[in-house]
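Student: pasting the sequence and the predicted model now:
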Number of protein chains: 2
Amino acid sequence: MVFTTSEENYIKSIFHLQQETGLVNTNSLAAEMHTRPASVTDMLKKLKSKKLLQYEKYKGFKLNEAGKKAALDIVRKHRLWEFFLVEKLKFDWDKVHPIAEELEHISGDELIQRLDDFLGNPSFDPHGDPIPDKNGKVPVIKQQSLSEIPFKKNVTVSSVSNQTAQMLDMLKHYCIAIGTQLMVLKKFDFDGSLEIKVSKQNACIISEQVAKNVFVHDVQ
Amino acid sequence: MVFTTSEENYIKSIFHLQQETGLVNTNSLAAEMHTRPASVTDMLKKLKSKKLLQYEKYKGFKLNEAGKKAALDIVRKHRLWEFFLVEKLKFDWDKVHPIAEELEHISGDELIQRLDDFLGNPSFDPHGDPIPDKNGKVPVIKQQSLSEIPFKKNVTVSSVSNQTAQMLDMLKHYCIAIGTQLMVLKKFDFDGSLEIKVSKQNACIISEQVAKNVFVHDVQ
DNA sequence: TTATATTTTTAGTTTTGTCTAAATTTTATT
DNA sequence: AATAAAATTTAGACAAAACTAAAAATATAA
Ligand SMILES: [Mn+2]
Ligand SMILES: [Mn+2]
Ligand SMILES: [Mn+2]
Ligand SMILES: [Mn+2]
């Protein structure tokens, strides 16, 4: 089954929203896609007629198995291209999303399989998000928010849940990237901010908001 | 100035046709683009209104300087992506054209500049066609058709003007690729076919039609 | 439980790019 | 020069994907 760029963008957005909320509603999808609720309703009819969607008027909607498989396919392409852009073309990790947003729509199974092999079959993209394999299987990693880690425990940054340019710019300033080793030294109860040690640098302080969006796993 | 995928495909096709014939006519562009003359006329009006085209009703048309610059930009992207697909992803050279036909429309000056650097700023694509630089300058190479080369002269294959899958499949069978060294041994006057020696292999015979489409330059 | 607010859908338009069929212009042929 | 043929353009239609404004359904609050 082959989809238009617009259909693919809707499928991917529904997929991401339904991971949070189960059922998705029209207004939140319109907000996510920077479009109007009426446009969403139009597309829902189309996706339902293509049997990708469970949808009843006024009752919300979610992707069925075929829809989820289609979504994982697009996510796979998006994240492989992001990996390519950062690892091979040396883009900063906060610049690649809009480019991958276009590249993910290039068709051809052989292209994406060869790209995957060329990149060494990576499991995680530059933001630490898992890259589904060609069957839609998503690698899992046991990770916790930095805000939940006990003091003095060595951990490695595995992903960042807020991937706005603003957040990534901030992390670059702290020299925090995927793979960076960290240790939480202290929590300030006043505002929930954390004193942390980044690699072998001096300690610094990050806000609770940053800490909640940084995910880490055990070293090794 | 930014163009739609459709506009870009028209611009590129006009560019290629006008290199052959100077002025381009509606029917030949429609044939080239697998579309209808009426659709061509519609697009001509649009490209004229965007000041890319010299066009008078019923009189033919050609790209002006702005149009040619736009075309060279698209050609540059197309050929850089083809180079990427063959050199990095190890595609056969007869499979890359349709993929590059999509990739050439991905926007972003920084993307294409980084890709160019990553590939080592190549001057020729996998078919031997020149890759324009970012200013639209096209590298030139002194080449002749294999059908015009004197006997026993060592030459190197530089490009192939017919790039259909059929032609490229045939060349693969002869073990002829861009960069292959050749020598013409004899011409058969009966049908114009040539006996040639490919690298250090045994001599073989190619048709006049093949010979006319293979271009070569002096060794060194 | 009625009234109000919010959410969602429908109806009708718009833009882009395509098409067919018909009209017009140009070119070729008697 | 008149006629036929070919090339090109116009007119009108259509599908995809967006929009606005209004109607309908659902949820919330008095
Ligand atoms: Mn996209
Ligand atoms: Mn990512
Ligand atoms: Mn193209
Ligand atoms: Mn080429």
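Tutor: Done, it's in. Ligands and ions are numbered 1, 2, ... in the order given.

Student: please make it C-alpha for all contacts and neighbour counts, starting now.
Tutor: Fine.

Student: what comes up buried for whichever helix in chain A runs longest?
Tutor: Using DSSP state H to define each element, chain A has its longest helix at helix A:65-87. If you call a residue buried by 16 or more other CA atoms under 10 Å in any protein chain shown, then helix A:65-87 has these buried ones: A:67-86.

Student: which residues of chain A lie near DNA strand D?
Tutor: Counting by CA under 7 Å from any atom of the strand, the residues of chain A lying close to DNA strand D are A:4-7, A:34-39, A:42-43, A:58-59.

Student: could you flag which of those residues are buried?
Tutor: The neighbour-count test (16+ other CA under 10 Å) marks A:Pro37, A:Met43 as buried among the residues of chain A next to DNA strand D.

Student: among the residues of chain A next to DNA strand D, name the ones in helices.
Tutor: Short answer: the residues of chain A next to DNA strand D in helices (DSSP H) are A:Thr5, A:Ser6, A:Glu7, A:Pro37, A:Ala38, A:Ser39, A:Asp42, A:Met43.

Student: so which of those residues comes closest to chain B?
Tutor: Lowest distance from chain B to those (CA to the nearest CA) belongs to A:Thr5, with 12.2 Å.

Student: lowest confidence element among the helices and strands of chain A?
Tutor: helix A:165-173 (a mean of 90; mean pLDDT, DSSP states H and E).

Student: ok, now how distant is A:Phe84 from DNA strand C?
Tutor: Applying CA to the nearest atom of the strand, to the nearest Å, the value for A:Phe84 to DNA strand C is 29 Å.

Student: ok, and the closest non-adjacent residue to that residue?
Tutor: Spatial nearest neighbour of A:Phe84, excluding adjacent residues (CA to CA, 6 or more residues apart in numbering or on different chains): A:Leu119 at 6.9 Å.

Student: check A:Gly179 too.
Tutor: A:Gly179 sits nearest to A:Val157 (CA to CA, 6+ apart), 5.1 Å away.

Student: repeat for A:Ser39
Tutor: A:Ala30 (7.9 Å).

Student: and the one you found, backbone torsions?
Tutor: phi -60, psi -40 (degrees, to the nearest 10).

Student: please list all residues in contact with A:Leu168.
Tutor: Residues counted as contacts of A:Leu168 (CA atoms under 8 Å, 6 or more residues apart in numbering or on different chains) are A:Trp93, A:Asp94.

Student: check the one 4 residues further on too.
Tutor: When contacts are counted by CA under 8 Å, 6+ apart, A:Lys172 is found next to no other residue.

Student: equivalent analysis for A:Gln144, please.
Tutor: Per CA under 8 Å, 6+ apart, neighbours of A:Gln144: A:Phe215, A:Val216, A:His217.

Student: ok, and the most crowded of those residues?
Tutor: A:Val216 (28 neighbours; other CA atoms under 10 Å in any protein chain shown).

Student: could you give the separation of the host helix or strand of it from the chain centroid?
Tutor: Per DSSP states H and E: A:Val216 is located in strand A:214-218. Computed by CA atoms, centre = their mean, to the nearest Å, the chain-centroid distance of strand A:214-218 equals 15 Å.

Student: distance of the residue nearest in space to the middle of chain A relative to DNA strand C?
Tutor: Centroid-nearest residue in chain A, with CA atoms, centre = their mean: A:Asp129, separated by 5.1 Å. The gap separating A:Asp129 from DNA strand C is 28 Å, by CA to the nearest atom of the strand.

Student: one more: A:Gln54?
Tutor: Taking CA to the nearest atom of the strand, one finds A:Gln54 at 11 Å from DNA strand C.

Student: that residue should be in a helix, yeah?
Tutor: No - according to DSSP: H, G, I helix; E, B strand; the rest coil, A:Gln54 belongs to no helix; its state is strand.

Student: which residues touch A:His16?
Tutor: With CA under 8 Å, 6+ apart, A:His16 has no contacts at all.

Student: phi and psi next, for the most far-flung residue of chain A relative to its centre.
Tutor: Distance from the centre of chain A peaks at A:Phe190, with 31.1 Å (CA atoms, centre = their mean). Dihedral pair for A:Phe190: phi -50, psi -50, per degrees, to the nearest 10.

Student: can you check A:Ile196 too?
Tutor: Dihedral angles (degrees, to the nearest 10) for A:Ile196: phi -130, psi 160.

Student: done for today, thanks.
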